[in-house]
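Asker: Task: produce atomic coordinates for the following.
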Amino acid sequence: MEQQAELLLVIEIPESKKILCQADGCGHSVYRRVHVVRESGKYFVYGEDCAGKIFGKSLKKPLIPQERLNGYIPSSKDIEQLLNNTREFVSNIEKQFTKPEIEDSLETPNFSKMSDAELQKFCLNQVKDEFRKEKKLDPDLPGWAGWVNSDAKALFKKLRGDSS
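Answerer: Numbers count the residues shown, from 1 in each chain. The predicted structure follows:
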């Protein structure tokens, strides 16, 4: 009987926090293109090569699209959870990265009814999302705050109709 396996997501973790591939007999440390697979109700973490050897082309596109995870850098706590409770890790990632789809389906907010503080927060969040999705950068990393804040300020002025 063919193995029932499902590719849930592919992530990259910091090289300094490499983890061990869980393929039988592998033992290699991995950090790029870490594949999280559900097989017969159990969760496994593999490197790209081992996932390919084990499952061949039977693995379809990940359930959580790669473009949604661009810019995501797992924390030490996330990596610990990935290794110790992969099911919960996947559940948390699903919640975190499927939220934008829900927000996208909502009506555009009425900017004129927002306070300056609310609109500034909205602009900052929009710019941070843009950095993650389009520029593939983590806006919360040191060095990006000035650029992010400048873009958020420009968006704020545009939405308020201030052309100065």
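
Asker: residue closest to the middle of the chain?
Answerer: residue 69 (2.6 Å; Cα atoms, centre = their mean).

Asker: Isn't that residue up against residue 97?
Answerer: Yes - Residue 69 is within contact range of residue 97, at 6.3 Å (criterion: Cβ atoms under 8 Å). For the C-beta atoms, the positions are set from N, CA and C on the backbone; glycine is no exception.

Asker: can you list residues touching both of those two?
Answerer: Common neighbours of residue 69 and residue 97, using Cβ atoms under 8 Å, 6 or more residues apart in numbering, do not exist here.

Asker: before we move on, the earlier item: contacting residues around the residue nearest to the centre of the chain?
Answerer: The contact partners of residue 69, by Cβ under 8 Å, 6+ apart, come to 9-11, 93, 97.

Asker: Please report the distance of it from residue 127.
Answerer: For residue 69, the distance to residue 127 (Cβ to Cβ, to the nearest Å) stands at 19 Å.

Asker: Torsion angles phi and psi at residue 19?
Answerer: For residue 19, the backbone dihedrals (degrees, to the nearest 10) come out as phi -120, psi 170.

Asker: going forward can the numbers begin at 46, since that is how I track them
Answerer: Happy to do that; since the first residue is 46 now, the last one works out to residue 64.

Asker: Count the neighbours of residue 83 for me.
Answerer: Per other Cβ atoms under 10 Å, the neighbour tally for residue 83 reads 17.

Asker: secondary structure element for the residue nearest to residue 96 when sequence neighbours are not counted?
Answerer: Distance criterion Cβ to Cβ, 6 or more residues apart in numbering; nearest residue to residue 96, sequence neighbours excluded, is residue 80 at 4.1 Å. If you go by DSSP states H and E, residue 80 is part of strand 79-84.

Asker: which helices and strands sit right next to that strand?
Answerer: When contacts are defined as 3 or more Cβ pairs under 8 Å, 6 or more residues apart in numbering; DSSP states H and E, strand 79-84 packs onto strand 50-56, strand 87-91, helix 93-100, helix 131-150.

Asker: After the longest one, heading C-terminal, what element do we hit next?
Answerer: If you walk from helix 131-150 toward the C-terminus, the next helix or strand you reach (DSSP H and E) is helix 161-178.

Asker: For the very next helix or strand once past that next one, give me every contacting residue.
Answerer: Using DSSP H and E, the next helix or strand after helix 161-178 towards the C-terminus is helix 190-205. Contact with helix 190-205 is made by 156, 164-165, 168-169, 171-173, 175-176, 184, 208-209, as judged by Cβ under 8 Å, 6+ apart.
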